[in-house]
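In: fold the following, please.
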Amino acid sequence: MMDGQHVTLAHGNGGRFMRELIEEVFVRHLANPELDILSDAAHVPLPAGEVLVTTDGFTVQPLEFPGGNIGSLAVHGTVNDLAVAGAVPAYLSLSAFIEEGLEFAQLDRLVASMAIAARDCDVHVAAGDTKVVRRGEGGGVYFATTGVGIRQPGLRFGLDRIRESDAILVSGPVGDHGTAVLLAREQFGLRGDLASDAASVLPLTKALLALPGLRFMRDPTRGGLATVAHEIARATGFCVRLHGPAIPIRPPVQSVCEMLGFDPLYLACEGRVIAVLAPEDAERALETWRALPAGRDAVRIGVVQKGRAHVVLETELGGERSLEELEDDPLPRIC
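Out: This is a model prediction of the structure:
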């Protein structure tokens, strides 16, 4: 058994303490047939298809928040990047950068949550590494992940497929994750029970793959919905017009943003999908999403139009305003 209640620098020195940390926390929760801790490289069988690879880092503060924690977030965030590219996730690799002084009990909770999320997503952690950094040089723990997924040959969509008059859809309310993390910090005297939307979006993305008019999908994480809209405008040279009253925003999110001067359209989501489809397939896509638990609040929120490459928001009063590209990070370390 590991000595003490906190991680020390000795847990990163390659000796007995590091072995016990890996075996008693990471292997205990994440063990599967592909995870071989005695080898320097994992051999993983892959089904036929196109191999897609993604990588990401997770530095959220606080480490635990309503609706999830940095462990489950690391899995969902990596799985979702593969899912919106049309891939079925198969394997993850994990690097854990642990700060000296982190409680073993908290680390155990985070890795256990990661394991549950991986099982729910049917993805295996096939390789990993741990490093311990000095006290004050980290945020408790950071996770870096790489994901491998398989996409069916011939499946093609992306920013280059978007055309004039295409419809823009969102699978549910925006800004939940960013607001939940903010409330979990208990800053500004605010508290609340709003939960993060962090979850796998694989059911949502798989449901649209058969639609011939599917142009593009993205999960609106850092920078939120507005940043994805700017990405579309820059890549296509078209105007992205969003209908403000149609965009779903929960009342607690709207209230917190009004009090603190944030715009929910720039706040991170971790379980939503923005999809662009040919207009003739938009209603079918909405019906498909709304039949799923994760997509029951899906709505059509905008259109791609000919015009200067920028993002316009139609307001509830019938006016419009230009949504500028995000420059300042409103919520540090939200994912």
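In: for the chain, what spans make up the helices?
Out: Secondary structure of the chain by DSSP state H: the helices cover 16-21, 28-30, 70-83, 104-120, 176-184, 202-208, 224-236, 251-260, 279-290.
In: dump these into JSON lines; add distance to residue 126 as well.
Out: In this view, the C-beta of every residue, glycine as well, is placed from N, C-alpha and C. JSON lines is the format used below for these (distance: least, Cβ to Cβ, whole Å):
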{"stretch": "helix 16-21", "distance to residue 126": "19"}
{"stretch": "helix 28-30", "distance to residue 126": "10"}
{"stretch": "helix 70-83", "distance to residue 126": "13"}
{"stretch": "helix 104-120", "distance to residue 126": "11"}
{"stretch": "helix 176-184", "distance to residue 126": "27"}
{"stretch": "helix 202-208", "distance to residue 126": "18"}
{"stretch": "helix 224-236", "distance to residue 126": "30"}
{"stretch": "helix 251-260", "distance to residue 126": "37"}
{"stretch": "helix 279-290", "distance to residue 126": "31"}
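In: wait, which of the ones you listed is closest to residue 320?
Out: helix 224-236 (13.7 Å; Cβ to Cβ).
In: between helix 176-184 and that closest one, find me the angle.
Out: 140 degrees (axes from the mean of the first three to the mean of the last three Cα atoms, to 10 degrees).
In: residues making contact with helix 224-236?
Out: Helix 224-236 has contacts (Cβ atoms under 8 Å, 6 or more residues apart in numbering) with 159-160, 162, 168, 170, 174-175, 178, 216, 218, 220, 238-240, 242, 247, 263-269, 274, 276, 301-302, 304, 309-311, 323, 325-326.
In: so where's the stretch 151-300 of the chain shaky on pLDDT?
Out: Per-residue confidence of the stretch 151-300 of the chain (counting by pLDDT under 70) places the weak regions at 187-191.
In: try it again with 80
Out: Flagging of the stretch 151-300 of the chain using pLDDT under 80 yields the residue ranges 186-192.
In: please name the residues that touch the residue nearest to the spatial centre of the chain.
Out: In the chain, the C-alpha closest to the average C-alpha coordinate belongs to residue 77, at a distance of 3.4 Å (Cα atoms, centre = their mean). By Cβ under 8 Å, 6+ apart, the contact list for residue 77 reads 56, 58, 145, 198, 221, 270, 335.
In: try 6 Å
Out: By Cβ atoms under 6 Å, 6 or more residues apart in numbering, residue 77 lies in contact with residue 56.
In: picking up where we left off before, taking the contacts of helix 224-236 one by one, which sit in strands?
Out: Among those, the subset assigned to strands under DSSP state E consists of 168, 170, 216, 218, 239-240, 242, 274, 276, 301-302, 304, 311.
In: of those residues, closest to residue 317?
Out: Ranking the ones in strands among the contacts of helix 224-236 by separation from residue 317, with Cβ to Cβ as the measure, puts residue 242 on top at 15.0 Å.
In: hmm, the closest one is touching residue 304, no?
Out: No: applying Cβ atoms under 6 Å as the test, residue 242 and residue 304 come out as separate, 10.6 Å apart.
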